[in-house]
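Participant: Show me the folded form of this:
(chains A, B, C and D)
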There are 2 protein chains.
Amino acid sequence: MELQLHIKMNPKLYVRDPETSELGKSIVRIAIDMINEIGFEEFTFKKLAIKIGTTEASIYRYFENKHRLLTYVITWFWTWMEYQLLFHTNNVTDSKSKINTVINLLTFKERDQFILEHINKEVLHKIVISEGNKSYLTKNVTEDNKSMIFQPYKDLCHRIAVIFLEYKPGYPYPHSLASTLIETAHHQIYFKDHLPRLTDFGGVNNNEPIVTYLDHMVFSLLDR
Amino acid sequence: MELQLHIKMNPKLYVRDPETSELGKSIVRIAIDMINEIGFEEFTFKKLAIKIGTTEASIYRYFENKHRLLTYVITWFWTWMEYQLLFHTNNVTDSKSKINTVINLLTFKERDQFILEHINKEVLHKIVISEGNKSYLTKNVTEDNKSMIFQPYKDLCHRIAVIFLEYKPGYPYPHSLASTLIETAHHQIYFKDHLPRLTDFGGVNNNEPIVTYLDHMVFSLLDR
DNA sequence: TTTTTTATAATAGTATTACTACTTTAAGGG
DNA sequence: CCCTTAAAGTAGTAATACTATTATAAAAAA
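Facilitator: Coordinates of the predicted model:
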């Protein structure tokens, strides 16, 4: 089964909706590849324009600056992740298996159910791991937060929190545990690949032990 | 009691050791204030030079670029944190109270025992929370890691891991739990202050509930 | 005391990046 | 076929990141 999915983004994230033109879609698609290849710091609109075969000015018609473009793709990811969670936990009654689904989704074990030709989700996941924090670690957080820019991340977090409460009614830290789980999943994957001494997964080339660790973490906290 | 402490930094972090001159110390001191005030993205050597009353070129004699300067102060912080931990857990036999000390240090509850006139540790802690991740979330991680740039962070992590193992011999994830604890402490403080919906601490204006949450987290995992 | 050496910092640049005002092109409606 | 308007390109400027060279001042040597 293939589901064609259109994610409507917060208009504050763009100047002109990139979904409405071929150039816009190219900007998003190539930007994801390029940020993954050279990193966000080295990434510039000039380099992107050259690779696409357009000009800097044209890219500025779609995104105010490169940080907004980063936030756009990261936010897209969180929205898509929430869709995935909704899809995979629909009609599931056992809250324990819902939690396992959450962990599998965060570690990219679960197969994607949605098709979107112009966004490479494997690569996007890598960007979320390496660059995701940078979208909210700025002096504009408060202002951006008021513009609801981070709503999808908060929605996902809340949905996970609700599952935790379903599993363990009255648990006092459902939201903090949800954000801890999301951030930890990404950090541990990053550390495993780049700073293995910060983990106990050195030398392993898949995310299996991280899934086990996250399972252990969540259920130890909820079952206590 | 006041202890005069000199932290010897990895020479790869600087071009010329800033501890060896007044200008060098000013660069570090004012940079910390400035990064805290305007954020790392807005921070430039030009602005720093003007505030100090020197020139850009002079700052480049001490640090290769602004990212290296950030890594310098962040790394300084981790080294100092490890000293603090060593100091506070010395002669303590009860491993449970050692863990509490770790958590108190990470949330800045413990009083500082070391004096260093030119580094404002309260402000530095804020930078570590808001900008700390940026020192390793780059395309140079692997290279920087080979230069032992992140050794202090790994040392602190390992020392905490050893305490965990002391408390619960054979625990399978001591390093991952240590890095999770450090990162979670900072994220939860940041979220509480800027994105409270990602936590359960909205409206609270101290770190007390975060200490409780981290305690709950660590002991649930180790006591399981 | 004068000269020389050395360390240190300032001057004066360049290349790149971030961003914008203006112009051109192309598509669709009358 | 002309006119309107949306879209993208041209051609800039200001700021940032970085460097080669020069100046200054203190210490060492003559």
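Participant: Enumerate the positions of stretch A:43-63 that are buried.
Facilitator: For stretch A:43-63, a neighbour-count test (16 or more other Cβ atoms under 10 Å in any protein chain shown) marks A:Phe43, A:Phe45, A:Leu48, A:Ala49, A:Ile52, A:Thr54, A:Ile59, A:Arg61, A:Tyr62, A:Phe63 as buried. All C-beta spots, glycine's among them, are computed from the backbone N, C-alpha and C.
Participant: check contacts around the fourth one.
Facilitator: If I follow you right, that is A:Ala49. A:Ala49 makes contacts with A:Thr55, A:Glu56, A:Ser58, A:Ile59, as judged by Cβ atoms under 8 Å, 6 or more residues apart in numbering or on different chains.
Participant: do the strand or helix carrying it and DNA strand D meet at all?
Facilitator: Under the criterion of DSSP states H and E, A:Ala49 resides in helix A:45-52. No: among the residues of helix A:45-52, none lie within reach of DNA strand D under Cβ under 7 Å from any atom of the strand; the closest is 7.5 Å away.
Participant: And the helix or strand that comes right after that helix, how far out from the chain middle?
Facilitator: Per DSSP H and E, the first helix or strand lying C-terminal to helix A:45-52 is helix A:56-60. Going by Cα atoms, centre = their mean, to the nearest Å, the spacing between the C-alpha centre of helix A:56-60 and its chain's C-alpha centre is 25 Å.
Participant: Who are the packing partners of helix A:56-60?
Facilitator: Using 3 or more Cβ pairs under 8 Å, 6 or more residues apart in numbering or on different chains; DSSP states H and E as the contact criterion, the neighbours of helix A:56-60 among helices and strands are helix A:45-52.
Participant: pLDDT averaged over the helix it packs on - what is it?
Facilitator: Along helix A:45-52, the predicted confidence averages to a pLDDT of 92.
Participant: Can you give the distance of that helix from its chain's centre?
Facilitator: Taking Cα atoms, centre = their mean, one finds the center of helix A:45-52 at 24 Å from the center of the full chain.
Participant: With stretch A:196-210 instead?
Facilitator: For stretch A:196-210 - counting by Cα atoms, centre = their mean - the centre lies 21 Å from the chain centre.
Participant: Quick check: buried residues in it?
Facilitator: When neighbours are counted by 16+ other Cβ under 10 Å, the buried residues of stretch A:196-210 are found to be A:Pro196, A:Arg197, A:Leu198, A:Thr199, A:Asp200, A:Phe201, A:Asn207, A:Pro209, A:Ile210.
Participant: swap in stretch A:87-94?
Facilitator: Along stretch A:87-94, these residues count as buried under the neighbour rule (16+ other Cβ under 10 Å): A:Phe87, A:His88, A:Thr89.
Participant: Also stretch A:217-224?
Facilitator: With burial defined by 16+ other Cβ under 10 Å, the residues of stretch A:217-224 counted as buried are A:Met217, A:Val218, A:Phe219, A:Ser220, A:Leu221, A:Leu222.
Participant: Quickly check: it near chain B or not.
Facilitator: Yes: Stretch A:217-224 reaches chain B (Cβ under 8 Å from any Cβ of the partner chain) through A:Met217, A:Ser220, A:Leu221, A:Asp223, A:Arg224.
Participant: my guess is the last one contacts B:Ser220, does it?
Facilitator: Yep, that's A:Arg224 we're talking about. Yes: because the distance of 4.4 Å satisfies Cβ atoms under 8 Å, A:Arg224 is recorded as touching B:Ser220.
Participant: Identify all contacting residues around stretch A:19-33.
Facilitator: A:6, A:9, A:16-18, A:43, A:48, A:51-52, A:54, A:58-59, A:62-63, A:69, A:72-73, A:118-120, A:123-124, A:127.
Participant: now A:Ile182, nearest residue through space, not along the chain?
Facilitator: By the measure of Cβ to Cβ, 6 or more residues apart in numbering or on different chains, the closest residue to A:Ile182 outside its immediate chain neighbours is A:Leu106, 6.2 Å from it.
Participant: same deal with A:Val141?
Facilitator: Ranked by Cβ to Cβ, 6+ apart and with sequence neighbours excluded, the top spatial neighbour of A:Val141 is B:His194, at 4.5 Å.
Participant: That neighbour contacts A:Glu143, doesn't it?
Facilitator: No: under the criterion of Cβ under 8 Å, B:His194 is not in contact with A:Glu143, lying 10.6 Å apart.
Participant: which one of those two has more residues nearby?
Facilitator: When neighbours are counted by other Cβ atoms under 10 Å in any protein chain shown, B:His194 and A:Glu143 differ, and B:His194 comes out ahead with 17 against 10.
Participant: right, and A:Gly39 touches B:Lys139 too?
Facilitator: Yes: between A:Gly39 and B:Lys139 there is a contact under Cβ under 8 Å: 3.7 Å.
Participant: Compare neighbour counts for these two and give me the winner.
Facilitator: Shown here are A:Gly39 and B:Lys139; by other Cβ under 10 Å, A:Gly39 has more neighbours (17 against 14).
Participant: about what we covered before: spatially, which two of the buried residues of stretch A:196-210 are the most separated?
Facilitator: Largest separation among the buried residues of stretch A:196-210 by Cβ to Cβ: A:Arg197 and A:Asn207, giving 18.1 Å.
Participant: Just send the buried residues of stretch A:43-63 back as a markdown table, with distance to B:Val28 too.
Facilitator: Formatted as a markdown table, the entries for the buried residues of stretch A:43-63 read as follows, by distance: Cβ to Cβ, whole Å:
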| residue | distance to B:Val28 |
| --- | --- |
| A:Phe43 | 29 |
| A:Phe45 | 33 |
| A:Leu48 | 35 |
| A:Ala49 | 38 |
| A:Ile52 | 42 |
| A:Thr54 | 43 |
| A:Ile59 | 37 |
| A:Arg61 | 42 |
| A:Tyr62 | 40 |
| A:Phe63 | 35 |
